[in-house]
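J.: I would like the atomic coordinates for the input below:
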Amino acid sequence: MNKVIGIILLVVGIILLYFGYEAYNSPASEVAQAVTGEPTDNAMWYLIGGAVAVVVGLYGVVRGK
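T.: Here you go, the predicted model:
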């Protein structure tokens, strides 16, 4: 994997984690947590996608040619 692609994935992952954190702490997510005990699906998808992108991006930066 190219280092440039790894850096791009790393940046995108960090942005997704930020949006996931904001969505997790939003009023709609807090209401959903109070009612169902779980955060909203959007918050979870942002956090999962961001974590995967960060891991793949770090792998690309460390192992890139």
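J.: quick one: low-confidence ranges for this structure?
T.: Along the chain, segments meeting pLDDT under 70 span 1.
J.: helices of that one, residue ranges please.
T.: 3-24, 27-36, 41-63 (DSSP state H).
J.: flag every buried residue along stretch 10-30.
T.: For stretch 10-30, the neighbour count (16 or more other CB atoms under 10 Å) marks Leu10, Val12, Gly13, Leu16, Leu17, Phe19, Gly20, Ala23, Tyr24, Ser29 as buried. Where you see a C-beta, it was placed from the backbone N, CA and C, and this is true even at glycine.
J.: of all the residues you listed, which two lie farthest apart?
T.: Leu10 and Ser29 (25.6 Å; CB to CB).
J.: and of the buried residues of stretch 10-30, the nearest to Trp45?
T.: Once CB to CB is applied, the member of the buried residues of stretch 10-30 that ends up nearest Trp45 is Gly20, at 7.7 Å.
J.: wait, what's in contact with the closest one?
T.: Counting by CB atoms under 8 Å, 6 or more residues apart in numbering, Gly20 touches Ala43, Met44, Trp45, Tyr46, Leu47, Ile48, Gly49, Gly50.
J.: could I get the buried residues of stretch 10-30 as TSV with distance to Tyr59?
T.: Output for the buried residues of stretch 10-30, formatted as TSV (distance: CB to CB, whole Å):
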residue	distance to Tyr59
Leu10	10
Val12	14
Gly13	11
Leu16	16
Leu17	16
Phe19	22
Gly20	20
Ala23	26
Tyr24	25
Ser29	30
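J.: on that earlier part again, just the buried residues of the contacts of Gly20.
T.: Counted by 16+ other CB under 10 Å, these give Ala43, Tyr46, Leu47, Gly49, Gly50 as buried.
J.: just checking, the last one touches Ile14?
T.: By that I understand Gly50. Yes - taking contacts as CB atoms under 8 Å, Gly50 lies within contact range of Ile14: 7.1 Å.
J.: tell me the centre residue of the protein?
T.: By CA atoms, centre = their mean, the chain has its centre lying nearest to Gly50, at 2.0 Å.
J.: so how far is Asp41 from that one?
T.: Going from Gly50 to Asp41 by CB to CB, to the nearest Å gives 15 Å.
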